[in-house]
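Q: Attaching a predicted model along with its sequence, questions to come.
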Amino acid sequence: AAMEGDSSAPASSSSSRPERQVREMACASFSDRCLEGNGCDVTISVDGVKFEAHKTVLCSCSDYFRALFSSRCNRAEKTVYRIPGTSPDTMRLIINYAYTGTAPVTADNVESLLMAADQFNVMGIVGLCCEFLKSQLCLENCISIWRLTGCYHSPDLRDAADAFILRHFAEVTRVSAELLDLSVPELSLLVEQAERGGTRADAVCEAVERWVAHNLPRRQQRHAALQQPQRSLVGCSCVLTPFVP
């Protein structure tokens with residue numbers, strides 16, 4: 001997927017510039033104290049890397065941490081929490097976001113950061129990742145971004161990906177290598193959406209023919225899964241003709 005640039009946006013931009021500067025200075029001071037271990041009451045351990053933090057700060061941005069720290073088995077003096085399913089670099093970004101309200105989203109880290117933000121229910125970072133992906137939509141990556149929205153709840157990103165693919169359907173399906181990796185249900189859904197959006201039947205048929213030709217023996221036998229819902233595929237020979245060895 002072709003993506004460029006980066007995004008490091010604050011959680012909210014509604015306050016005035018002087019107010020933001022004061023808040024950023026306060027957050028920086030608080031973060032510095034955290035890094036020095038001042039007043040920290042929890043340690044997050046990821047793959048042996050430990051992060052000192054304040055429970056109240058982590059709870060302020062994540063239901064995951066609120067549940068973790070409030071569960072019965074964690075109410076004692078236990079202060080070290082081993083967190084699976086992510087990397088130290090990603091956890092560092094999440095903890096930094098809790099203190100500063102910002103996260104550097106790049107083409108290199110957006111998928112891993114989105115996955116972790118969804119896992120830990122840090123909705124502010126989920127929003128930043130989705131805004132970044134919306135800004136990166138292009139012919140080459142729109143299908144992978146569209147597929148990604150099936151894993152994470154982001155209606156705005158889903159709508160943006162749907163609209164982009166519909167607007168450029170013929171070009172996308174002609175040049176996108178990602179089209180070739182779609183499953184039968186995914187291709188069926190894409191074709192159904194294209195039909196509802198008024199895409200020309202020949203453009204839809206051309207997309208399906210390209211998908212089938214990528215793995216002809218295997219995919220031509222699956223024509224029945226594609227032909228039922230889609231009116232546009234009537235007459236599309238590569239889909240409707242059973243494969244003969």
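A: Sure, I can see it.
Q: ok, how many other residues are close to residue 95?
A: 23 (other Cβ atoms under 10 Å). Any C-beta I mention is one placed from the backbone N, CA and C, and that applies to glycine too.
Q: now do residue 166
A: Around residue 166 there are 16 residues (other Cβ under 10 Å).
Q: Which residue ranges make up each domain of the protein?
A: For the chain, automatic domain parsing gives the domain ranges 1-136, 137-245.
Q: any chance of those domains in CSV, plus mean pLDDT?
A: Formatted as CSV, the domains of the chain follow (pLDDT from 0 to 100):
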stretch, mean pLDDT
domain 1-136, 80
domain 137-245, 82
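Q: Identify the residues contacting residue 113.
A: Contacts for residue 113 were tallied using Cβ atoms under 8 Å, 6 or more residues apart in numbering; they are 90, 93, 103, 105, 125, 129.
Q: just checking, it is part of a helix?
A: Yes - looking at residue 113 with DSSP: H, G, I helix; E, B strand; the rest coil, it is inside a helix.
Q: and residue 111, how many neighbours does it have?
A: 16.
Q: how near is it to residue 152?
A: Distance of residue 111 to residue 152, given as Cβ to Cβ, to the nearest Å: 10 Å.
Q: which strands and helices sit next to the strand or helix carrying residue 132?
A: Using DSSP states H and E, residue 132 falls within helix 123-136. Judged by 3 or more Cβ pairs under 8 Å, 6 or more residues apart in numbering; DSSP states H and E, helix 123-136 is in contact with strand 6-7, helix 88-100, strand 105-106, helix 110-119, helix 142-148, helix 155-167.
Q: want to throw these into TSV with distance to residue 80?
A: Formatted as TSV, the helices and strands packed on helix 123-136 follow (distance: least, Cβ to Cβ, whole Å):
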stretch	distance to residue 80
strand 6-7	33
helix 88-100	14
strand 105-106	29
helix 110-119	19
helix 142-148	33
helix 155-167	36
